[in-house]
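Trainee: Return atomic coordinates for the entry below.
(one chain, ligands or ions: 2)
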Amino acid sequence: MATVGNSTNIFWHECPVGKLDRQRLLNQKGCVVWITGLSGSGKSTLACSLGRELHSRGKLSYILDGDNLRHGLNKDLGFKAEDRTENIRRVGEVAKLFADAGLICIASLISPYRKDRDGCRAMLTDGNFIEVFMNMPLAVCEERDAKGLYKLARAGKIKGFTGIDDPYEPPLNCEIEIIQKDGVCPTPYEMAGQVTSYLEDKGYLRDE
Ligand SMILES: Nc1ncnc2c1ncn2[C@@H]1O[C@H](COP(=O)(O)OS(=O)(=O)O)[C@@H](OP(=O)(O)O)[C@H]1O
Ligand SMILES: Nc1ncnc2c1ncn2[C@@H]1O[C@H](COP(=O)(O)OP(=O)(O)O)[C@@H](O)[C@H]1O
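Mentor: Ligands and ions are numbered 1, 2, ... in the order given. As a prediction, the model looks like this:
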């Protein structure tokens, strides 16, 4: 995008209350849980289930959902490659702010390109970017077709639909992978449990 990186003569202002102070207040560590996968793979379902689980444990989280953000912050963007890249960059920056605020920020977007996800990872320090890959077969996502979009894409009524006639690059280095076991998808509660266990083990659910 032509206007990104065009500001000059700008300065960074430090404030006396910092991330560590906010984390102490919340008794948790700020981070980004980045959920990637095909449309219909269960990203929003996991995001909501995880948000509910964290809330029940007294942990503050906030969901940045691709579909929802396209109603506001990203409503000027479409689905061509440059637009998806800018979509991910913006959400990465917003997620970084939420993590700096001390929250567990849950971002759920298709985010089909590896380099864009890696760009968001690079915005965070100290392993605070936790990539969750919804590794569901296309056939499962298409069978679900909750919004009827696969049907439209197969009929040629939507062009450039991820997984049909647009690429999805699976992660090579994700922290968590959600997979089917014996052809059965884990329940939303089980998926959230897998992520919560990771957060607990890595110390994100306490401030020290
Ligand atoms: N062409 C095309 N390809 C993929 N998805 C499409 C497309 N057109 C519309 N939609 C709907 O947009 C949702 C994906 O938005 P994202 O912001 O997550 O996409 S991306 O990360 O920028 O690729 C996606 O929502 P989810 O099903 O929740 O993934 C779709 O509902
Ligand atoms: N673990 C699951 N088990 C069974 N159905 C699921 C599961 N996760 C999601 N679904 C269903 O699949 C459909 C798509 O899920 P959704 O979370 O909207 O996916 P995405 O956000 O990746 O597009 C929804 O109808 C949802 O209820």
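
Trainee: how near is Gly119 to ligand 1?
Mentor: For Gly119, the distance to ligand 1 equals 13 Å [C-beta to the nearest ligand atom, to the nearest Å]. (C-beta placed from N, C-alpha, C; glycine too.)

Trainee: Contact partners for that residue?
Mentor: Going by C-beta atoms under 8 Å, 6 or more residues apart in numbering, Gly119 touches 88-89, 92.

Trainee: now, which of these sits nearest ligand 1?
Mentor: Nearest to ligand 1, judged by C-beta to the nearest ligand atom, of those is Ile88 at 5.9 Å.

Trainee: if we can go back for a sec, turn the contacts of Gly119 into TSV, including pLDDT.
Mentor: TSV is the format used below for the contacts of Gly119 (pLDDT from 0 to 100):
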residue	pLDDT
Ile88	98
Arg89	98
Gly92	98
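
Trainee: Can you list which of the residues you listed are found in strands?
Mentor: Residues of the contacts of Gly119 located in strands (DSSP state E): none.

Trainee: of these, buried ones?
Mentor: 88-89, 92 (16 or more other C-beta atoms under 10 Å).

Trainee: May I see those arranged in JSON lines, with distance to ligand 2 as well?
Mentor: Shown next, in JSON lines, are the buried ones among the contacts of Gly119 (distance: C-beta to the nearest ligand atom, whole Å):
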{"residue": "Ile88", "distance to ligand 2": "15"}
{"residue": "Arg89", "distance to ligand 2": "20"}
{"residue": "Gly92", "distance to ligand 2": "18"}
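
Trainee: wait, does the longest helix along the chain contact ligand 1?
Mentor: If you go by DSSP state H, the chain has its longest helix at helix 81-100. Yes: part of helix 81-100 sits near ligand 1 under the criterion C-beta under 6 Å from any ligand atom, namely 84, 87-88.

Trainee: And these, which is closest to Val17?
Mentor: Nearest to Val17 among the residues of helix 81-100 next to ligand 1, counting by C-beta to C-beta, is Ile88 at 29.7 Å.

Trainee: Does that closest one touch Lys115 like I think?
Mentor: No: if you go by C-beta atoms under 8 Å, Ile88 and Lys115 don't touch, sitting 9.5 Å apart.

Trainee: What residues sit buried inside the longest helix of the chain?
Mentor: 84-92, 94-96, 98-100.

Trainee: and which of those is nearest Leu77?
Mentor: When the buried residues of helix 81-100 are compared against Leu77 (criterion: C-beta to C-beta), the nearest one is Asn87, at 5.1 Å.

Trainee: Quick check: residues of the chain near ligand 2?
Mentor: 37, 39-45, 144, 146, 185-188, 191.

Trainee: if you set the cut-off to 8 Å instead, what comes out?
Mentor: Neighbours of ligand 2 within the chain, by C-beta under 8 Å from any ligand atom: 35, 37-48, 65-67, 108, 110, 134, 141, 144, 146-147, 185-188, 190-191.

Trainee: Regarding Glu131, what is its secondary structure?
Mentor: Following DSSP: H, G, I helix; E, B strand; the rest coil, Glu131 is assigned to strand.

Trainee: again, but for Arg24
Mentor: Arg24 ends up helix, using three-state DSSP.

Trainee: repeat for the one 5 residues further on
Mentor: Put simply, Lys29 is coil when judged by three-state DSSP.
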